[in-house]
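Chemist: Predicted structure and sequence below. I'll ask about it afterward.
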Amino acid sequence: MTQNNTALITGASSGIGRELAIQFADGGNDVVLVARSEDKLRELATEIESQFGQRATVITKDLSRPESVDQLCDELTHKSLTVDTLVNNAGFGALGKFAELSADRQTDMVMVNVVALTRLTRRLLPSMLQQNRGGVLNVGSIAAYQAGPNMAVYYATKAYVLSFTEGLREELSGTSLHVTCLEPGPTESGFGEDSGMGKLEMFSSTTMTAKAVARAGYEGYMKNEDVVIPGWKNRLMVTSAGFLPRIATRKLVGKMQSA
């Protein structure tokens, strides 16, 4: 794939998204940084432009809002920006029982993790197909491989991301586009604190750095791998889940995620 393309990264203000933006900039891509926190995005944009000499455009958007994707695409048009690589990284989770967690928070989770990812891909993909270059890197989770009691909606959204990515990859198999799903496990980022999972044993014993996860995802995308699961412990967990009955995996996950 050629350098000096433009990569759009959602959820770019911190964690894996921030590190993915740095990876793409280091690889010779201009970047469009999207998240809610304008101050953090501008700080990152300054760092990227000074360190890598790549153009970094900041667009502040809350992707839980239904109109946000269309507004984002309108801004891209207004700024004459053509996106070659879309990195759907924005997402969040919430630990707790479905009937007790806020209905609004869980609905927003579906909007960000599923709806915005889907709509943004649909809006930007035709241009990639026309140019026959670029592609899509979706950030999922090893949560995609089993049901998740006490985080039922989050696990379901990540199952969608994996299935959607694999289906899209097959549709585009006759093109030059890359389609990859990055499936991290517990990671040192703001996710653990924001979701409530940071207090669980799995987050204290098996976390990877956001930089290591992003590096694995970037390299896997550049190689056009279908699924990237960084870390041998995470790969072992996914492999083990495939050998167990689904009733066993969901009971195990439910016990691990008992707050």
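Modeler: Looks like it arrived, so ask away.
Chemist: Can you name the element that comes right after the helix ranked longest in the chain?
Modeler: Secondary structure of the chain per DSSP state H: the longest helix is helix 152-171. Using DSSP states H and E, the helix or strand that follows helix 152-171 in sequence is strand 178-182.
Chemist: Would you map the helices across this structure?
Modeler: With helices called from DSSP H, the chain shows them at 15-26, 38-52, 68-78, 103-110, 117-131, 152-171, 191-195, 201-205, 210-222, 232-243, 246-256.
Chemist: what's the angle from the third one to helix 117-131?
Modeler: Regarding helix 68-78 and helix 117-131, their directions subtend 30 degrees when assessed with axes from the mean of the first three to the mean of the last three Cα atoms, to 10 degrees.
Chemist: other SSEs contacting helix 68-78?
Modeler: For helix 68-78, the elements it packs on are strand 56-60, helix 117-131, judged by 3 or more Cβ pairs under 8 Å, 6 or more residues apart in numbering; DSSP states H and E. Where C-beta positions appear, they are placed from N, C-alpha and C, glycine not excepted.
Chemist: could you redo the last one with a cut-off of 7 Å?
Modeler: When contacts are defined as 3 or more Cβ pairs under 7 Å, 6 or more residues apart in numbering; DSSP states H and E, helix 68-78 packs onto helix 117-131.
Chemist: How about Val213: what's its closest non-neighbour residue?
Modeler: Nearest non-adjacent residue to Val213, counting by Cβ to Cβ, 6 or more residues apart in numbering: Pro184, 4.6 Å away.
Chemist: Identify the bridge partners of Asp30.
Modeler: Thr6 (DSSP bridges).
Chemist: So it is in contact with Glu49, correct?
Modeler: No. If you go by Cβ atoms under 7 Å, Asp30 and Glu49 don't touch, sitting 9.7 Å apart.
Chemist: Neighbour count for those two, which is higher?
Modeler: Neighbour count, other Cβ atoms under 10 Å: between Asp30 and Glu49, Asp30 has more, with 23 against 15.
Chemist: Next one: that one from Phe24, what distance?
Modeler: To Phe24, Asp30 is 9 Å away according to Cβ to Cβ, to the nearest Å.
Chemist: for the residue nearest to Leu125 when sequence neighbours are not counted, what are its contacts?
Modeler: Nearest in space to Leu125, with sequence neighbours left out and distances taken as Cβ to Cβ, 6+ apart, is Val136 at 7.3 Å. Applying Cβ atoms under 7 Å, 6 or more residues apart in numbering to Val136 gives the contacts 86, 88, 121, 168, 179.
Chemist: ok, now with 6 Å
Modeler: For Val136, the contact set (Cβ atoms under 6 Å, 6 or more residues apart in numbering) comprises 86, 121, 179.
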